[in-house]
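# coordinates for the following, if possible.
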Amino acid sequence: METTEAATDEKKKRVKPLWYRQTIRRFTTYTQDKLRLQILIAQLENEFPSNTAQISLSPGRSIGKIGDQTGGYVDKRLELETEIRKLRLKIQEVDIILGSLGSTERKLIELKYMQRFNKDLWIAGEIRMAIRTYYRVKDELLVMAAQMFGYVKREQICFEELGWKI
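Numbering: from 1, shown residues only. Predicted structure coming up:
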């Protein structure tokens, strides 16, 4: 009984807080979001030319009804434009954060989360940083980014959860 409680306590210690995981997810999906944006823009340009206001007033198959083909057309275009707007904002927020970082910090984020090199020791060597410093800087960057994304406020962060000694 005690071993299972100790195992669950140990597992709880290793699980990072939600805001931490959300921030990592935001960085890891950045390149996919950029590709998705390009695809949506191409779909919008190909499927919906700029002159979309074409209403057909010819009678439909049943007598007495007017055929309006633009209803679904406009809804689909609006849905695409909304998704494009959301993706652009999401990408722009990451771009702003990356632009505010120094070259070493930006390279750390890009290598770790956007290019998905998962070997911390290799990344630390690549950016010429001691491994302990690398872990500290990586966590500090994630805290800063989580605050900028609005996932957490500084006073809500439990630094002991992250393994930081204060």
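# switch to C-alpha atoms for all contacts and neighbour counts from now on
Noted.
# dump the residue contacts of the residue positioned nearest the centre of the chain.
Taking C-alpha atoms, centre = their mean, the centroid of the chain lies closest to Arg26, which sits 2.8 Å from it. By C-alpha atoms under 8 Å, 6 or more residues apart in numbering, the residues touching Arg26 are Val94.
# local confidence estimate at it?
On the pLDDT scale, Arg26 is placed at 95.
# how about the CA coordinates for the strand or helix carrying it, as CSV?
Assessed by DSSP states H and E, Arg26 sits inside helix 18-28. Taking C-alpha atoms only, helix 18-28 is exported to CSV below (Å, rounded to 0.1, in the frame of the first residue of the first chain):
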residue,chain,number,x,y,z
LEU,A,18,-1.1,22.5,-17.2
TRP,A,19,0.2,26.0,-18.2
TYR,A,20,3.7,24.5,-18.7
ARG,A,21,2.3,21.8,-21.0
GLN,A,22,0.1,24.3,-22.9
THR,A,23,3.1,26.5,-23.6
ILE,A,24,5.2,23.6,-24.9
ARG,A,25,2.3,22.6,-27.1
ARG,A,26,2.0,26.1,-28.4
PHE,A,27,5.6,26.1,-29.5
THR,A,28,5.5,22.5,-30.9
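# now the residue nearest to the centre of the chain: how far from Gln43?
24 Å (C-alpha to C-alpha, to the nearest Å).
# got it, and Gly99?
For Gly99, the distance to Gln43 - C-alpha to C-alpha - is 29 Å.
# give me the number of residues near Tyr20?
Neighbours of Tyr20 under the rule other C-alpha atoms under 10 Å: 20.
# make that Gln147, sorry
16.
# then the one 10 residues further on?
Counted with other C-alpha under 10 Å, the burial measure for Ile157 works out to 15 neighbours.
# lowest confidence element among the helices and strands of the protein?
Least confident helix or strand of the chain, by mean pLDDT, DSSP states H and E, is helix 2-14 with a mean of 59.
# report the rounded mean pLDDT for whichever helix or strand comes after the helix holding Arg26.
Where DSSP H and E defines the elements, the next helix or strand beyond helix 18-28 is helix 30-47. Throughout helix 30-47, pLDDT has a mean value of 91.
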